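Asks: Fold the following for me, if possible:
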Amino acid sequence: MNGIVATEVPGQAAPKTLLETWGKNERMRHTPPIEWIVQKVDGDLRRRIGLLHGSFAALPSDDSRWTAIEMQFRGFCRAIDRLTETARHGRPASQPPTELGARIDWSINAAVASLNSLDPTLFGRRYPFQTFERSKAEPLNGALLAVIDRLHRLTPAIRAIDPGIDERLLAGLVRLQEPLPEKALA
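Replies: Numbering: from 1, shown residues only. This is a model prediction of the structure:
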């Protein structure tokens with residue numbers, strides 16, 4: 001035999017391998033945890049888009065601004081669908097509804113379901129260098145930022161038809177743990 005045969009010597013540690021494993025790599029600090037992303041989409045973004053769509057639904061369809069705002073809502077739905085496809089392994093099995101309100105709810109529900117299917121212990125960890133693959137966390141974070149950007153682009157258009165939208169969007173932002181007493185302090 002023209003080779004070196006590795007034998008394990010009792011009492012000595014096994015030789016260390018230079019290969020990495022996905023589960024032992026540290027989390028990337030520039031990507032948020034999946035729990036935060038799910039809470040952001042299911043809580044904050046769902047509430048904000050619901051308020052914006054409520055103001056849009058009150059707008060008559062013969063208004064000249066209606067078509068432009070509807071196109072922005074459809075762009076938001078496409079951004080949510082890209083977030084869903086980034087988090088999911090395959091394509092969605094069903095066709096989304098065509099009515100705008102139902103389409104928004106369907107898209108957000110599909111995004112939350114696909115985000116919840118990710119493993120929170122492995123999400124955000126760097127793939128082993130020997131696989132030459134990128135982590136799923138970076139494109140997913142980029143897709144989330146695109147959804148947030150679409151929402152920010154939509155807000156001024158709704159503000160033009162409903163000036164009181166900002167007050168409703170900011171309601172509940174600050175919650176006092178201990179409310180102020182009704183009697184004056186001094």
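Asks: Could you list every helix and strand in contact with the helix ranked longest in the chain?
Replies: Counting residues, the longest helix found in the chain (DSSP state H) is helix 137-161. On a contact count with 3 or more C-beta pairs under 8 Å, 6 or more residues apart in numbering; DSSP states H and E, helix 137-161 meets helix 34-39, helix 46-57, helix 66-87, helix 165-170. Yep, even glycine has a C-beta here, placed from its N, CA and C like the rest.
Asks: In it, which residues have enough neighbours to count as buried?
Replies: 137, 140-141, 143-144, 146-148, 150-151, 154-155, 157-158 (16 or more other C-beta atoms under 10 Å).
Asks: Ok, stretch 68-79 next?
Replies: Per 16+ other C-beta under 10 Å, stretch 68-79 contains these buried residues: Ile69, Gln72, Phe73, Phe76, Cys77, Ala79.
Asks: Give me the residues contacting that stretch.
Replies: Identification of contacts with stretch 68-79 by C-beta atoms under 8 Å, 6 or more residues apart in numbering yields 49, 53, 56, 59, 96, 100, 103-104, 107, 143, 146-147, 149-151, 153-154, 157-158, 161.
Asks: what about 6 Å?
Replies: Phe56, Leu100, Arg103, Ser107, Ala146, Val147, Arg150, Leu154, Ala157 (C-beta atoms under 6 Å, 6 or more residues apart in numbering).
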